[in-house]
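1. only the shape, not the letters, is given here:
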Ligand code: ADP
């Protein structure tokens, strides 16, 4: 699904984020930047040891934050390591922290001149954040940022499984109804 926000674009696709050719890809990292399972493991495996070497030098990142590293052997130029919250019932600032990590990643992308960014569905795997609310938070935060800053040009949500893709498609259709489709 594609939606325009001013001169920028939000896309949802199903796929493997390690194959993306966008300027940057997001990683669902942990606060130690220590690598792990899920998309984090896949990015380090595909990108090679240069990414972990830089993560070690940086040392860590608080929940809700983001740090940028090289993308090693990946086609993307940079990895945005986003530290999403661990779901703990929903009354421990999970929503705000999830929004912060997308906003931090977009701030860094603009600061580093990265014009296209691919994001995974942060926190909805091992960290247990329910996917529908996570999708709305991600999409709302991204759309607000694009409206305000008119950059990056492209934000592509790269969803690994059909259920997650469906949640983001439904969220995007609700958030930004396609006026042409209704005509
Ligand atoms: P978290 O610990 O933040 O929950 P996970 O990596 O466990 O992070 O999961 C986040 C999302 O990333 C899940 O929807 C998972 O299915 C997805 N995912 C796993 N591997 C990939 C990949 N190669 N590309 C894109 N998304 C992936």
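-> Cool, the structure landed. Everything numeric in this text was worked out from a predicted model, so none of it was measured.

2. please count neighbours and contacts with C-alpha atoms only from this point.
-> Fine.

3. which non-adjacent residue is nearest residue 50?
-> The shortest distance from residue 50 to any non-neighbouring residue, by C-alpha to C-alpha, 6 or more residues apart in numbering, is to residue 72 (5.5 Å).

4. let me know the secondary structure of that neighbour.
-> For residue 72, the secondary-structure state derived from DSSP: H, G, I helix; E, B strand; the rest coil is coil.

5. pLDDT score for residue 178?
-> The predicted local distance difference test score for residue 178 is 82.

6. go on, residue 181?
-> Per-residue pLDDT puts residue 181 at 54.

7. what bridges to the residue nearest the centre of the chain?
-> Nearest residue to the geometric centre of the chain (C-alpha atoms, centre = their mean): residue 119, 2.9 Å. On DSSP bridges, the residues paired with residue 119 through beta bridges are residue 157.

8. my read: it touches residue 27, true?
-> Yes: counting by C-alpha atoms under 8 Å, residue 119 touches residue 27, with 7.2 Å between them.

9. can you give the contact residues for stretch 78-90?
-> Contacts to stretch 78-90, defined as C-alpha atoms under 8 Å, 6 or more residues apart in numbering, come from residues 23-31, 33, 61-71, 94, 97-98, 101-102, 104-105, 108-109, 122-123, 127-129.

10. all helices for the protein, in order.
-> 38-47, 49-58, 94-111, 131-149, 162-175, 179-182 (DSSP state H).

11. most tightly surrounded among the ones you listed?
-> Stretch with highest mean neighbour count among the helices of the chain: helix 94-111 (a mean of 21; mean count of other C-alpha atoms under 10 Å).

12. for that helix, packing partners?
-> Taking 3 or more C-alpha pairs under 8 Å, 6 or more residues apart in numbering; DSSP states H and E as the contact definition, the neighbouring helices and strands of helix 94-111 are strand 66-70, strand 78-83, helix 131-149.

13. what's the angle between the second one and strand 66-70?
-> When you say that, I think you mean strand 78-83. 150 degrees (axes from the mean of the first three to the mean of the last three C-alpha atoms, to 10 degrees).

14. and strand 78-83, which strands flank it?
-> Looking at strand 78-83 with DSSP bridges, its paired strands and their directions are strand 24-29 (parallel), strand 66-70 (antiparallel).

15. can you give me how far that strand is from the chain middle?
-> 8 Å (C-alpha atoms, centre = their mean, to the nearest Å).
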